Every structure is written in C-alpha cells, then in structure tokens.
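1. Pasting a predicted model and its sequence here:
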Amino acid sequence: MSRNGRVLVAMSGGIDSTVAAMMLHEQGYEVVGITMKTWDYASAGGSKKETGCCSLDSINDARQVAVNMGFHHFIVDIREEFGDYVIDNFVEEYIAGRTPNPCVLCNTHIKWSALLKRADAMDCESIATGHYAVIKEHNNRKFISKGHDDRKDQSYVLWGLTQSCLERSSFPLGHFSKTEIRQMAKDFGYEELSKKAESYEICFVPDNDYRGFLKRRVPGLEESVKGGTFVNAQGEVLGKHEGYPFYTIGQRKGLGGGFLKPMFVTGIIPETNTVVLGEIDELIRNGMTVGQINMMKYEAITDGMEAATQVRYNDGGVMSALHQIGDEVKVEFFANVRGIAPGQSAVFYENDDVIGGGIIKNSSFAPMG
C-alpha cells in the first residue's frame, strides 16, 4: 500500500489527465488509471477523422503512459450509459428549442457516477481528473473554486457535482497554469505529449456539425421541420428557414441573405416551427430564471444574495441579485447581458468560489434602458 492511498485517475490520453496521473504517482499515491470509452465515432457518420478522448490513439496513449510509469490501467466501456442519457438529452433539448451543454450533463450524471462505481470496485479511496479547478471547504461543505489559470479554468462545467462526489474528488492541476503543465510533461520525458493539441469539440460531434448529427440521429427530422418561417419581434414574416432545431440563440451566420441590417436569432418557438430574428440589441436581457439548482458553497440562497452569474463558458460573469422562488432561482442582472440561451448553464460565483448553478429556463425580463 502506498503512503498516500489508492486513487483512480480518469485518463483521456490528453496532456492534462496524463500529467495529473504522473503527478499523483510521483507524490506517492498508488495510481490506477482508467480510460472511459463514451462514444464510438464511426457510428456518428461524421466527416472528420476520429480524434479526442474516445479515439483508439488516445486510449493507447493513456495505456502506454501507465505501462511506462508502472501503474495499472483499465479501459471501461460506458457507451450505453452515455448514449442513453447524454446523447438522448442533447437531441431532446434541440428539438425542444433549447441549447444544451452535454459536457456539464456528462460530468454530473455519467463520468463521476462511473468513476465512483469503479473506484469502489477497485478499492480506491478517491478519484482524480485533469480539470483546471480547485476544491475548497466552507462550514463542512465542499465546493468548487476557479483554477489558477484564468484561461483554462473549468469550474463552469463542474457546477453540478454533488457533495458526495466532491468528498472523494481531487483536481491536481488546479493550482497550475497550462504552460506549467506542458513543461511538466517535458520534464517527465514526454516531449510529444507536451505539444499535444487540445480539443474543444463535443466528443460525439467531433466535426463540430451538430446540425448534421441531429439529422443523422433523428431520421426524417430535416423534412419534418423544413420550411418554417423567420419572423421579427412583431411577428412579421421575414423569410423561410431550414428548421428550428438547427438554430441557436445569438446565431448570426447561416440565416440567409436579404436583410437590410445584421440579424441574429433572438427566439425559437418549436410549437410553430418559428425562429425569431432581430438586431443585436434585441438579444439584451437583464434577468432570467434558472432551474435544476445544485448548491455548493452554501446550503441555500438567501434572498437578494449578490453573485457574479456566468451564462456561458469563459464569459467572465455579470454581477446580479439572486432570489429563490420555489425550486428555481430568479436572477436580476446589474448590467445588460446578451444572448442568454435556455438550456445552457448558469453558474453563480462569489469571487472565485462557485455558490451553485443550474440550467437556464428562460430570459423573459425586459432589457434595461
């Protein structure tokens, strides 16, 4: 038995998770590496060569490091769990006229559950990942805080982790910058790994064409929604579109021509296959409603609690007042916010600390003057 205990490390084959495993091994932990096969890209029918965490090359890269470092490594097939939950939700959300964030859903409901289940089976006390975030504690509650590298901070996608998940989790990279992690890979003797490119695409849509994915995933979808109307805020018809699921709030490109001014998607109405267009200022909102709340730093939101609310990855956040109404939170922004998309995550911060988060339901409030 190692002096620090036994830890299960999620290894995608990328530089971050690989260096996390190396660091823990060097610190004296008994590391067990695990690579989760979440998606078989060949079944997606996309046009891009398979890359990323589910590719054979990535799996082999993770295994080779484990062999070189002298710790155990396992491959776990969770495609059925992943597909049933994450991908079905992804499709259902777009068909409901919302914009989902599958990475948040996967972290919250699939990856951590799968990791903890395997950790128990392998007698591992804890699990670790290569996320750039920090776990802290306040009044016996664990919570996520931003990673020290502002450009790489991933706290936004981890808001859904429960207390039971956080109790057994660690993020070895949280106090380091990406530059330092690349240097560590070199120092460990992995020059090629230190130069490995990062992937920002959804793992099951590696060609980044979510519209094509939806069409392949739902036979007949394209024909059933084609020919709907673009309208303005007054309901005046502006033209025809390709189908409401293929548009997102804030979208400008791909709307066709013929407009006298730059137009953006400001609303989606699935019931009538209608996409609302407007000028950029029509994207402005000063509030929203958030559901499916998960609290982190505090057990509950006190009425009027102030927080920086972030509505998309790396947007910086906007100061706001939070009001708990039933099982939802009403957010009142202190400044106008553009492009709030139902289905995306809203995360509440107190300085660098995550108070909690949830899923955006609507942004129906009038913009400020």
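-> Now that the structure is in, tell me what you want to look at.

2. Spell out the secondary structure type for R285.
-> For R285, the assignment made with DSSP: H, G, I helix; E, B strand; the rest coil gives strand.

3. Need the phi and psi values for the residue lying closest to I268 once chain neighbours are set aside.
-> Leaving aside its chain neighbours, I268 sits nearest to G97 (4.0 Å; criterion: Cβ to Cβ, 6 or more residues apart in numbering). Glycine gets a C-beta too; all of them are placed from N, C-alpha and C. G97 adopts backbone torsions of phi 80, psi 20, taken as degrees, to the nearest 10.

4. Read off the pLDDT value for G97.
-> On the pLDDT scale, G97 is placed at 96.

5. Could you report the separation of T108 from S194?
-> According to Cβ to Cβ, to the nearest Å, T108 and S194 sit 31 Å apart.

6. Name the residue in those two with the higher neighbour count.
-> Higher neighbour count among T108 and S194: T108, with 21 against 17, using other Cβ atoms under 10 Å.

7. which ones are touching the closest residue to that one other than its chain neighbours?
-> Nearest residue to T108 in three dimensions, chain neighbours excluded: G160, at 3.3 Å (Cβ to Cβ, 6+ apart). By Cβ atoms under 8 Å, 6 or more residues apart in numbering, the residues touching G160 are V104, L105, N107, T108, H109, N294, G357.

8. pretty sure the residue nearest to I268 is touching N273, no?
-> No: in this structure, G97 is not within contact of N273 by Cβ atoms under 8 Å, at 9.7 Å.

9. Quick check: R6 touching E30?
-> Yes: R6 lies in contact with E30 (Cβ under 8 Å); the separation is 4.3 Å.

10. Moving C-terminal from whichever strand or helix holds A21, which element do we reach first?
-> Secondary-structure assignment from DSSP states H and E places A21 in helix 15-26. Downstream of helix 15-26, the next assigned helix or strand under DSSP H and E is strand 30-37.

11. what does that following strand contact?
-> Applying Cβ under 8 Å, 6+ apart, the contact partners of strand 30-37 are 1-2, 4-13, 21, 24-25, 53-54, 58-59, 62-63, 65-66, 69, 71-79, 111, 114-115, 118, 122, 124.

12. do stretch 135-145 as well
-> Contacting residues not belonging to stretch 135-145 are listed as 133-134, 155, 158-159, 161, 163, 166-167, 169-171, 174, 296-299, 352-355 [Cβ under 8 Å, 6+ apart].

13. Now, of those residues, which are buried?
-> The neighbour-count criterion (16 or more other Cβ atoms under 10 Å) marks 133-134, 155, 158-159, 161, 166, 169-171, 174, 296-298, 352-355 among those as buried.

14. contacting residues around stretch 59-77?
-> Contacts of stretch 59-77 (Cβ under 8 Å, 6+ apart): 11-13, 17-18, 21-22, 25, 30-37, 114, 118, 122, 190, 193.

15. what's the average pLDDT for it?
-> Mean pLDDT, computed over stretch 59-77, is 91.

16. Also stretch 309-329?
-> 94.

17. coming back round to it: out of the contacts of G160, which is most surrounded?
-> Going by other Cβ under 10 Å, G357 tops the contacts of G160 with 29 neighbours.

18. quick revisit: and the residue nearest to T108, what helix or strand is that in?
-> G160 is part of no helix or strand, with elements assigned from DSSP H and E.

19. how far away is it from R182?
-> Separation of G160 from R182 (Cβ to Cβ): 29 Å.

20. Pull the number of nearby residues for C165.
-> Counted with other Cβ under 10 Å, the neighbours of C165 add up to 19.

21. again with A307
-> Using other Cβ under 10 Å: A307 sits among 23 other residues.

22. Pairing partners for it in the sheet, please.
-> Under the criterion DSSP bridges, A307 forms beta bridges with S320.

23. how close does it sit to T38?
-> Relative to T38, and taking Cβ to Cβ, A307 is found at 32 Å.

24. now swap in F82 and tell me
-> Computed as Cβ to Cβ, the F82 to T38 distance reads 4 Å.

25. rewinding a little: turn the buried ones among the contacts of strand 30-37 into a named ChimeraX selection, would you?
-> Selection of buried members from the contacts of strand 30-37 for ChimeraX, criterion 16+ other Cβ under 10 Å:
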select :6,7,8,9,10,11,12,13,21,24,25,53,54,58,59,62,63,65,66,69,71,73,78,79,111,114,115,118,124
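
26. Contacts only, for V354.
-> If a contact means Cβ under 8 Å, 6+ apart, then V354 has F143, I144, S145, S155, L158, W159, M296, K297, V347, F348 as its contacts.

27. for the helix or strand harbouring K186, packing partners?
-> If you go by DSSP H and E, K186 is part of helix 178-187. In terms of contacts (3 or more Cβ pairs under 8 Å, 6 or more residues apart in numbering; DSSP states H and E), helix 178-187 is packed against helix 15-26, helix 191-194.

28. So the protein: which segments form each domain?
-> 6-130+172-194, 219-278 (automatic domain parsing).

29. weakest of these in terms of mean pLDDT?
-> Among these, domain 6-130+172-194 scores lowest, at a mean of 88.

30. which strand residues sit across from the closest residue to G256 other than its chain neighbours in the sheet?
-> Once flanking residues are discounted, G256 sits nearest to G239: 6.2 Å by Cβ to Cβ, 6+ apart. For G239, the residues forming beta bridges with it (DSSP bridges) are F230.
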